[in-house]
Every structure is written in C-alpha cells, then in structure tokens.
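Student: any chance you could fold what I've pasted below:
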Amino acid sequence: MKLINLHINRLQHIGIPVTDLDRSATFYKRLGFTDVMHAGFDYNGGKGKVKMMQLKDITLELYQMPDPELAQIRTRQNGRIDHIAFDVDDIEQTYAVLKNGGFFIVEPQPVFMPFWKKGCRYFIMLGPDGERLEFNQVL
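Tutor: A predicted model of the protein is given here:
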C-alpha cells in the first residue's frame, strides 16, 4: 500500500447527529464544553440547526436535521460513530464526578485493558441520543 503525502494537523471536530439540539448542548455543557458557534442550514426545503461545542482542543459538531423522523434515522444509520474517546489524567476521579453528576455510565467501574506500554483504564457513558463517550487514562 502506497501512502499519500497528506498533512493532518489534529482532529478538527466530531460530528454527532442529535434529535434535540438544545438537550444535547445542555448535556455537553455539563461536561465543560462551551457553545462556540451556532447556525442553521438548509436541507430538502427544511431548516436544520448546528452547534459547535468546544472544550480545550476538542470540538464537537452537534447537528439536528429539520425533520424529526429524519433526525432519528440519521442518529442511527448515517455515519454512526461507535464512540468518542476523551483523554483524562485521573480515571477514578473522572468516574466519581460523572457518577455523582447523575450521568449514565455503562461500566460498574473503570476497566483495565492491556493496551499501550503499561495498559489503560476506561469507562463508557451514554449521551442523550445513545452516543458512547469513552473516558480513557493511559497508564
């Protein structure tokens, strides 16, 4: 396989289709993200909405399609992301803060995986549209 000469600087943003933009924006604000841009867009004669949410160098694009039925389809079928992983310094503290905050965490405790040189620990929580958010500490 021949590699192409492509210069990628960093992850620019992660697009997440949502069914209720305000609900999702509120959810991500609780995690420390701020609304850095919002706009509308035209789609098949309707008007969709988008918000860019940012935390440090992480940017999420939350977008809601104009038609609620189309929004449901897109959140389940169009480019579905399995998970978004956030790097953290202290997995136990992060777990405790989110658990105490009432967020839905899938694992009963952080899980060890034998990845990287010394392993990593992670857990996954669910967002309002079922998106899987992984919090990961490389040991």
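Student: so where do the helices sit in this structure?
Tutor: Assigned by DSSP state H, the helices in the chain fall at 21-30, 68-77, 91-100.
Student: lowest average pLDDT across those helices?
Tutor: Ranked by mean pLDDT, the helices of the chain end with helix 68-77 at the bottom, a mean of 58.
Student: okay, Asp90: pLDDT?
Tutor: 94.
Student: ok, the nearest residue to it once chain neighbours are set aside to Ile14 distance?
Tutor: Sequence neighbours aside, Gln137 is the residue nearest to Asp90 in space, at 6.9 Å (criterion: CB to CB, 6 or more residues apart in numbering). Bear in mind the C-beta positions are built from the backbone N, C-alpha and C, glycine included. To Ile14, Gln137 is 20 Å away according to CB to CB, to the nearest Å.
Student: returning to what we had before: burial of the residue nearest to Asp90, as a residue count?
Tutor: Counted with other CB atoms under 10 Å, the neighbours of Gln137 add up to 19.
Student: and the pLDDT at it?
Tutor: 93.
Student: make sure it is actually in contact with Arg121.
Tutor: Yes - counting by CB atoms under 8 Å, Gln137 touches Arg121, with 5.2 Å between them.
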